[in-house]
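J.: quick one, what's the 3D model for this:
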Amino acid sequence: MTYRAPLEDVLFTMEYAAGSREGGAFGDLFAEGVARSVLEEAAKFAQQALEPLNRAGDRDGARLIEGSVITTPGWREAYATWRAGGWAGLAAPAEYGGSNLPHLLNAACMDVWNGANVSFMLAPVLSSAAIDALAAHGSASLRETYLTRLVSGEWSATMNLTEPQAGSDLSEIRAMAIPDGEGGWRLSGQKIFITYGEHDLTDNIVHLVLARTPHAPAGTRGLSLFLAPKFLIGADGSLGERNDLRCVGLEHKMGIHGAPTCTMIYGESGAGAQAWLVGEENNGLACMFTMMNNARLAVGLQGVGLCETATQRSIAFARERLQGRRPGGAGPSPIIAHPDVLRMLMTMKASTAAARAICYLTAAEIDNSLNADDEAARRAAARRASLLTPIAKAFSTDLANEVASLAVQVHGGMGYIEETGVAQLMRDARITAIYEGTNGVQAIDLVQRKASADGGETVRAEIELMRRSIDALRRLDAPQLGAAAPHLSEAIESLDRASNWIIRTAQSDARSALAGASPYLRLFALARGGVCLADLALESLRRRSRGEVDPGGDARIVCARFFAENLVPAAAGIERAIIDGAASTLAAESALEAAP
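T.: Predicted coordinates for the structure are as follows:
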């Protein structure tokens, strides 16, 4: 089947994440129908331009020919359509030609586009992240030269962090930048795994590169961020000579074949690639984190899109595939009638909805951190967005892998055959848990920085919000939600106890706290995701009580109950693993040393 954007689910979840239809960061986004009209156009682009190219990108991926990368046939035309639609500047500042619409709306569009074609959307994701970084940290000259063209989509951008010896550990970066005596820098070194480092979609590519300067401090404190364009810019704004940087190879990957993953060489001729400092010297990592945090939420949305597509295809297949007899019925029956297949499909559907809600909450808090009415509210929103970002990235992409695997299982032997397309989803999903900071790194970030920040007050505030939701669920007394309230309440209390243990232990025994980091992130996500789904179901029930039309309401209620009764009960076991499992995890090092 072909992908169809789940517009009603997306809009409903957006309104929930926004918290209010009027005022604040979201203005008349819903009351004036802006969200629906924009998303309808985004859906048309996804379904008419992106989805038809998805399989082609997998079969006929990007190629390196005589130093130039040629993308999949049809992709240049799709990018031109993307640019003409003004999509590149949807959430970008108006002063640079952007539409200045909420990040929440941009996140919803990204969800829809990723469901159609993840590989294509990687290029716009990186440009959007670069726009944020340059707007926040770039000099007036850099903003004037580059931002308008990035916002329009005329040019694209990349993120250059990784080197052969420096993956997650950026302290090992060796790329060097030397002052050129004229206010610029000369950049040399090698970067690997650079997505869209070279391509034919735009006339120029703006590379943001982490490198060291002479006499810089060791470790990450000595990193600076530089901008190096593929083509230098003339005084009149026209493209000049080719900069001393190039793609020397493309990786042969498991998935996302349509997106070129490049090895980049800077300064091969000896003089160095011409570059300009972004922000302050030796403060590059802080500047890059502006870009990375944008990209991490974007990767979480890739996970949501992949989950959605895998779920849609699996439900359609399960309705048509005849195998065996349903209990008590005559055969052959569609496999959707079998309880175990129903369990798999509902796991996929409910997981997708939970991941979507967490990602949208994160995007909404980013908007609130920029546009809330007072400074205290903006700071609180920034702390919440910071807390939710690693959860949004890791949980959604872990689920993408789990849901894609279930899609193959639902399809049976046909799922293992490339022609059905679900094998591609499984291959494409695998990278999402790795790039933009592995999910293990996200868990470390959650434990070491986010949970322990401000003495744990942000975590406690989040837990209190969840408790209020369960109180509302109990007051409504909705029999349609079964045992959701007690299951969710137990999960919240497990999260509370685990959070207290993590915060306390991180101060005295960091290794033990980190041993439980990934389980802690999953526990947090189960509780938060389950409460999100309960909130969505409650809103559907309230609308019904007011006599309002509620498309998709039945499915929301079923998803909330299923998630709470079938997936959330794992929270208690995860809590025990976090608190009791550290010693055995750390003791395993000696056993692994002895392994053959």
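J.: other residues contacting the helix or strand encompassing residue 575?
T.: Taking DSSP states H and E as the criterion, the element that holds residue 575 is helix 570-580. Applying C-beta atoms under 8 Å, 6 or more residues apart in numbering, the contact partners of helix 570-580 are 490-491, 494-495, 497-498, 501-502, 516, 519-520, 522-523, 526-527. (Glycine included, C-beta is placed from N, CA and C.)
J.: any of these buried? List them.
T.: Neighbour counting by 16 or more other C-beta atoms under 10 Å classes 490-491, 494-495, 498, 501-502, 516, 519-520, 522-523, 526-527 among the contacts of helix 570-580 as buried.
J.: was I right to think residue 108 contacts residue 9?
T.: No - with contacts counted by C-beta atoms under 8 Å, residue 108 stays clear of residue 9, the gap being 10.1 Å.
J.: looking at the two now, which is surrounded by more residues?
T.: Higher neighbour count among residue 108 and residue 9: residue 108, with 28 against 22, using other C-beta atoms under 10 Å.
J.: from residue 43, how far out is that one?
T.: Residue 108 sits 10 Å away from residue 43, going by C-beta to C-beta, to the nearest Å.
J.: surely residue 274 forms part of a helix?
T.: No - counting by DSSP: H, G, I helix; E, B strand; the rest coil, residue 274 is not part of a helix but strand.
J.: pLDDT wise, what is it at?
T.: pLDDT recorded at residue 274 is 98.
J.: how about it, what does it touch?
T.: Contacts of residue 274 by C-beta under 8 Å, 6+ apart are 180, 184-187, 228, 232, 243-244.
J.: what's the closest non-adjacent residue to residue 525?
T.: residue 395 (3.7 Å; C-beta to C-beta, 6 or more residues apart in numbering).
J.: which helix or strand contains the one you found?
T.: Per DSSP H and E: helix 375-411 holds residue 395.
J.: just list what that helix packs against, helices and strands only.
T.: Using 3 or more C-beta pairs under 8 Å, 6 or more residues apart in numbering; DSSP states H and E, the elements in contact with helix 375-411 are helix 284-320, helix 339-371, helix 422-430, helix 439-445, helix 457-476, helix 517-545.
J.: residue 301 is in contact with residue 396, correct?
T.: Yes - the pair residue 396 / residue 301 is scored as a contact, 7.2 Å apart, by C-beta under 8 Å.
J.: what touches both of the two?
T.: Joint contacts of residue 396 and residue 301 (C-beta under 8 Å, 6+ apart) are residue 359.
J.: contacts for stretch 144-154?
T.: Contacts with stretch 144-154, where a contact means C-beta under 8 Å, 6+ apart, come from 79, 82-83, 87-89, 92-93, 96-98, 124, 127, 130-131, 134-135, 138, 155-157, 202-204, 206, 227, 229, 233, 237.
J.: so which of those residues sit within strands?
T.: Counted as lying in strands by DSSP state E, out of the contacts of stretch 144-154, are 156-157, 206, 227, 229, 233.
J.: now flag whichever of those is closest to residue 198.
T.: Among the ones in strands among the contacts of stretch 144-154, residue 156 lies closest to residue 198 (C-beta to C-beta), at 10.6 Å.
J.: who are the contact partners of that closest one?
T.: Residue 156 neighbours (C-beta under 8 Å, 6+ apart): 123-124, 126-127, 150, 196, 199, 201-202, 204-206.
J.: how about residue 247?
T.: Neighbours of residue 247 in contact, by C-beta under 8 Å, 6+ apart: 64, 67, 69, 194, 197-198, 260, 262-264.
J.: hmm, 7 Å instead?
T.: 64, 69, 197-198, 262-264 (C-beta atoms under 7 Å, 6 or more residues apart in numbering).
J.: residue 61 now?
T.: Taking C-beta under 7 Å, 6+ apart as the test, what residue 61 contacts is 72, 257-258.
J.: dump the residues you listed to CSV, plus pLDDT, distance to residue 437 and secondary structure.
T.: Converted to CSV, these look like this (pLDDT from 0 to 100; distance: C-beta to C-beta, whole Å; DSSP: H, G, I helix; E, B strand; the rest coil):
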residue, pLDDT, distance to residue 437, secondary structure
72, 98, 27, coil
257, 98, 23, coil
258, 98, 23, coil
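J.: any quick PyMOL command for the buried ones out of the residues you listed?
T.: Only the buried entries of these go into this PyMOL selection, using 16+ other C-beta under 10 Å:
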select buried, resi 72+257+258
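J.: looking at the contacts of residue 61, spot the one nearest residue 39.
T.: Set against residue 39, the nearest of the contacts of residue 61 by C-beta to C-beta is residue 258 (24.0 Å).
J.: which one of the contacts of residue 274 has the most neighbours?
T.: Of the contacts of residue 274, with other C-beta under 10 Å as the count, residue 228 tops at 29 neighbours.
J.: okay, now the domains of the protein?
T.: 7-138+146-151, 155-282, 287-585 (automatic domain parsing).
J.: just the terminal-to-terminal distance for the first one.
T.: It stands for domain 7-138+146-151. 26 Å (C-alpha to C-alpha, to the nearest Å).
J.: same thing with the second one?
T.: In domain 155-282, first residue to last residue: 27 Å (C-alpha to C-alpha).
J.: taking the chain centroid, which residue in this protein is the extreme one?
T.: Ranked by distance from the centre of the chain (C-alpha atoms, centre = their mean), the top residue is residue 330, with 44.7 Å.
J.: so it is in which element?
T.: Using DSSP H and E, residue 330 sits in no helix or strand.
J.: quickly find the element holding residue 187.
T.: Using DSSP H and E, residue 187 maps to strand 185-195.
J.: if you average pLDDT over that strand, what comes out?
T.: On average, the pLDDT along strand 185-195 is 98.
J.: and it, how far out from the chain middle?
T.: The gap between where strand 185-195 is centred and where its chain is centred comes out at 24 Å by C-alpha atoms, centre = their mean, to the nearest Å.
J.: now do stretch 472-482
T.: Stretch 472-482 sits 32 Å away from the centroid of its parent chain (C-alpha atoms, centre = their mean).
J.: now stretch 182-196
T.: 25 Å.
J.: which outside residues touch that stretch?
T.: Outside stretch 182-196, the residues touching it (C-beta under 7 Å, 6+ apart) are 122-123, 126, 156, 158, 160, 162-164, 174-180, 209, 211, 226, 228, 251, 259-267, 271-277.
J.: now the angle from the helix or strand where residue 16 lies to helix 517-545?
T.: Here residue 16 is covered by helix 7-18, with elements defined by DSSP H and E. Here helix 7-18 runs at an angle of 110 degrees relative to helix 517-545 (axes from the mean of the first three to the mean of the last three C-alpha atoms, to 10 degrees).
J.: what comes up buried for helix 7-18?
T.: In helix 7-18, counting by 16+ other C-beta under 10 Å, buried: 7, 9-18.
J.: and for stretch 397-415?
T.: Result for stretch 397-415 [16+ other C-beta under 10 Å]: buried residues 397-408, 410-411, 415.
J.: mind checking the pLDDT average for it?
T.: Taken as a whole, stretch 397-415 carries a mean pLDDT of 98.
J.: understood, closing this out.
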